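In: Here is my input; please provide its structure:
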Amino acid sequence: MARGELRIYLGAAPGVGKTYAMLEEAHRRAGRGTDVVIGLVETHGREHTTAMIGDLETVPRRSRTRRGVAVSEMDLDAVLARKPQVAVVDELAHTNAPGSRNAHRWQDVRELLDAGISVLSTVNVQHLESLNDVVARITGVRQQETVPDAVVRSAEQVELVDMTPEALRRRLAHGNVHPPEKVDAALSNWFRAGNLTALRELALLWLADQVDDQLGRYRADHDIDATWETRERVVVAITGGPEGETLIRRAARIAARTKGADLLAVHVTRNDGLAGADAAVLARHRLLTESLGGTYHQVAGPDVPRALLEFARGVNATQIVLGVSSRHRFAALLSAGVGVTTAMLSGSIDVHLVTHEHARTGRRAPMPPALSRRRRIAGFGAVLTGLPLLTGLLLALPDPSLVTDILLFLVAVVGVALVGGWWPALLAALGGSLLLNWFFTPPYGRFLVAQTQNLLALAIFVLVAVAVSWVVDTAARRTRQAAQASAEAQTLATVAGGVLRGERPLTALLDRLRETFALESVALREGGTTVAEVGRPGLLPDAATDTVTAGDDLVLLLGGRILAASDRRVVEAFAAQAAVALRQERLAAEAATARPLAEANRLRTALLAAVSHDLRTPLASAKAAVAGLRSAEVRFDEADRAELLATADESLDRLGGLVANLLDMSRLQAGALGVTAAELGAEDVVPKALEELGPPGRSVAVRVPEDLPMLRADPGLLERVLVNVIGNALRYSPPDRPPMVTGSSHGDVVELRVIDHGPGIPVARWDEVFLPFQRLGDRDNHTGVGLGLALSRGLTEAMGGTLTPDETPGGGLTMIISLPARR
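Out: Numbering: from 1, shown residues only. Predicted structure coming up:
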């Protein structure tokens, strides 16, 4: 059975027309004779969307009652039994009601696809899992319903339903998205022009990446290696040399000329595992690339130009930036060089050869010795003692052969090369040729060769001895480099793991550096100030045994012992990582400082949106009542006057309560709320709270034991908490099952439970009810600014207690107020 195809309509925000476009496609397919049914469409009361359903067949929903509330979901089994060619399933990210076969609607869609049914669906960009935190930072609201990106990316078609922010706001103002009573709050919150613009950009960029991935798969499936210039991608090749920063900045300027261009820095390493470029320099180049908005990559290959071009073609690069070779002109005659070879093999990719101050200098770092100084001295000693001893031994043998003598001297040269390396072996080869000429080649005792074949044999001996010495020395050098590279990699990996697991990466990094190299103290200074130090405090530049540059103004001071030249390479990598760690700590500190400001801004925005309706309504009611009483044009009887006065009084009381909540919330956030704790009984404070609630409070059942211990709390604040919590329970309780207040004690804690049997709240959304200016689900826009539970939790915590939700057995929500008992 062939798997069904998925087509998704992606939108930046609710109301852009995703469902409408999906239904249009459903009608088009039905008109072509395709069997199309509607599994589920959410119209949200929008007339145009409802009318668009038209004569399409709709599978009845499956309904069930949960906690006294009827909920309906798509009847998955009915759709599978109907087995249409195409099913229309709206809102892909929806979370199914508890008890459903699948937890999420996208899992239902997956079953339909597996059954061979194609699906049309919709999703908003804020519901994509990878963008959940980004959307939360932009809008201040974290979406609880998300869909994995892989599900959306697996769709055969993803179509963007786009609309400008201005057009969407006009559509909202005309009542085509939300009911009129929600328009003001929506325009001031989620549908702000800045939010919509940012969400639109996120949708466009996400879809652009999706298209780019599809293009990459198409090119791979069809073995297309040629560059398709769908997007400018500038690849800059860096060697780890001093010219790297110049090349990166030049490439960044080239990329900046085209909006949306990508900058990629790549370093090609040798694939033989040997140490290459300086890790510290590469770390600085990586930091610079990322600061310019690019990405850093590292690939391995034996042929640098071909490895570079393979990478460039793999990322569909359009331009490559390389530095002009730093070799002398004579060296360029022997080989074309990386830049010229890359340009010759690049094909359609443009290659920029950028000159720099290090070009054509021919300067190359001196090659470190392959063996230690002690080994080299031992090699010279072996030459000075071993060759004379070998000569004496051969002279003592009867009738020696020149061929045998040459082979034995060659063995001696190889042995010296193994012990002392290149220079002692070279001396052994030259010395051995002289000894062979003087003692074993006629005429003896003279540096002359009588026979041509003997001269050729000596020449071959010298060449073979030099060649073998060079091979042995090179092998020893590479073995040492490989061991050093492995040790450095292990050290840096250990450092990275230790730093990532630490809470303070900079301090952990410096401490690991001090331990690794047995230093007494390490300090990082910026300008003339020490920003971090470990070990013995107070290390100054004058007292440091060594200094390493970590950045423009950053210097790493080392105290204790002088570093070996071979250690400095790793220390420079430490220094570069220290600069990165310092930057990360400062960014984290800035983020921590900005977080309260962002939260305050979010609360202020929500407050303004709430004030626009919730404070204006009682003001308008009171003003209308007072204006009517003052009017001379209308005469009211006593009953009408009493009703108008009652309306004004009720409205002003409501306004006073709202203002009091706002003031207390601001005091809580400022830490200026005064709390006067006293010992009181729950049987005294609960009736007062019910009395303040008026007639609705008389229906609340109270089950507080007479022997319940006294508790410590502020009487006025506790009464406010109970009024808010019980009032919330009354609002959602069914008429035939009023809330109940119970009391109990557990050790040194007294608990007051406010129990209701309403619809309840999913466990995953419990924390949302305590957010200021939030009403869960935005179901009620007429009962306050959404401060009740947020304020209640704040007041309870100010008294040293907690306010936590729990499930009511049989359905509903229980709010538990825990306060310290009398000591």
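In: Output whichever strand or helix holds Ala186 as PDB, nothing but the C-alphas.
Out: In this assignment (DSSP states H and E), Ala186 forms part of helix 180-188. Output in PDB follows, covering the C-alpha atoms of helix 180-188 (Å, rounded to 0.1, in the frame of the first residue of the first chain):
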ATOM      1  CA  PRO A 180     -15.500  41.900  18.900                       C
ATOM      2  CA  GLU A 181     -15.000  41.700  22.600                       C
ATOM      3  CA  LYS A 182     -11.500  40.200  22.100                       C
ATOM      4  CA  VAL A 183     -10.300  42.500  19.400                       C
ATOM      5  CA  ASP A 184      -8.800  45.300  21.600                       C
ATOM      6  CA  ALA A 185      -6.800  42.800  23.800                       C
ATOM      7  CA  ALA A 186      -5.600  40.900  20.700                       C
ATOM      8  CA  LEU A 187      -4.400  44.100  18.900                       C
ATOM      9  CA  SER A 188      -2.500  45.200  22.000                       C
END
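In: in that helix, what counts as buried?
Out: For helix 180-188, the neighbour count (16 or more other C-beta atoms under 10 Å) marks 183-188 as buried. C-beta coordinates here come from the backbone N, C-alpha and C atoms, glycine included.
In: for that helix, packing partners?
Out: For helix 180-188, the packing partners by 3 or more C-beta pairs under 8 Å, 6 or more residues apart in numbering; DSSP states H and E come out as helix 165-173, helix 565-610.
In: could you give the mean pLDDT of stretch 716-727?
Out: Averaging pLDDT along stretch 716-727 gives 86.
In: what's the answer for stretch 237-253, then?
Out: Stretch 237-253 comes out at a mean pLDDT of 89.
In: what distance separates the start and the end of that stretch?
Out: Distance between the two ends of stretch 237-253: 15 Å, counting by C-alpha to C-alpha, to the nearest Å.
In: same question, stretch 236-247
Out: First-to-last residue span, stretch 236-247, C-alpha to C-alpha: 7 Å.
In: list the buried ones in it?
Out: Under the neighbour-count criterion of 16+ other C-beta under 10 Å, stretch 236-247 has 236-241, 243-247 buried.
In: would you turn the buried residues of helix 180-188 into JSON lines with pLDDT?
Out: Formatted as JSON lines, the buried residues of helix 180-188 follow (pLDDT from 0 to 100):
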{"residue": "Val183", "pLDDT": "79"}
{"residue": "Asp184", "pLDDT": "74"}
{"residue": "Ala185", "pLDDT": "74"}
{"residue": "Ala186", "pLDDT": "79"}
{"residue": "Leu187", "pLDDT": "80"}
{"residue": "Ser188", "pLDDT": "75"}
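In: just those now: which is nearest Asp767?
Out: Ala185 (21.3 Å; C-beta to C-beta).
In: Run through the residues that contact Ala729.
Out: By C-beta atoms under 8 Å, 6 or more residues apart in numbering, Ala729 lies in contact with 700, 739, 754-756, 758, 813, 815.
In: most neighbours, which of those residues?
Out: Pro739 (29 neighbours; other C-beta atoms under 10 Å).
In: Not counting residues beside it along the chain, what's closest to that one?
Out: Distance criterion C-beta to C-beta, 6 or more residues apart in numbering; nearest residue to Pro739, sequence neighbours excluded, is Ala729 at 3.9 Å.
In: any idea which helix or strand comes after the helix or strand encompassing Arg29?
Out: Taking DSSP H and E as the definition, one finds Arg29 inside helix 18-31. Next along the chain after helix 18-31, taking DSSP H and E as the criterion, comes strand 36-40.
In: So which bits of the helix or strand just after that following strand are buried?
Out: Going down the chain from strand 36-40, the next helix or strand is helix 47-53, by DSSP H and E. In terms of neighbour count (16+ other C-beta under 10 Å), helix 47-53 has its buried residues at 49, 52-53.
In: Same check on stretch 681-692?
Out: 681-682, 685-686, 689-690.
In: Between those residues, which sits nearest Thr197?
Out: Ala689 (46.3 Å).
In: Disregarding residues adjacent in the polypeptide, which is nearest to the closest one?
Out: Leu722 (3.7 Å).
In: go on, Thr258?
Out: Of all residues not flanking Thr258 in the chain, Glu232 sits nearest, at 4.3 Å (C-beta to C-beta, 6+ apart).
In: Near that neighbour, how many other residues are there?
Out: Under the neighbour criterion other C-beta under 10 Å, Glu232 is assigned a count of 17.
In: just checking, what packs against the helix or strand containing Val71?
Out: Secondary structure assigned from DSSP H and E places Val71 in strand 69-73. Counting contacts by 3+ C-beta pairs under 8 Å, 6+ apart, strand 69-73 packs against strand 62-66.
In: ok so, going back, out of the helices and strands packed on helix 180-188, name the one with the poorest average pLDDT.
Out: When the helices and strands packed on helix 180-188 are compared on mean pLDDT, helix 565-610 scores lowest, with a mean of 71.
In: Give me the next element, helix or strand, following that helix.
Out: helix 616-630.
In: How about Ala343, nearest residue that isn't a chain neighbour?
Out: In space, and not counting its chain neighbours, Ala343 is closest to Val351: 4.3 Å by C-beta to C-beta, 6+ apart.
In: Show me the two of the contacts of Ala729 that sit farthest apart.
Out: Maximum pairwise distance among those (C-beta to C-beta): 14.8 Å, between Val700 and Leu813.
In: Determine the set of other helices and strands touching the helix holding Arg29.
Out: Helices and strands touching helix 18-31, by 3+ C-beta pairs under 8 Å, 6+ apart, are strand 6-11, strand 36-40, helix 47-53, strand 86-89, strand 118-124, strand 157-161.
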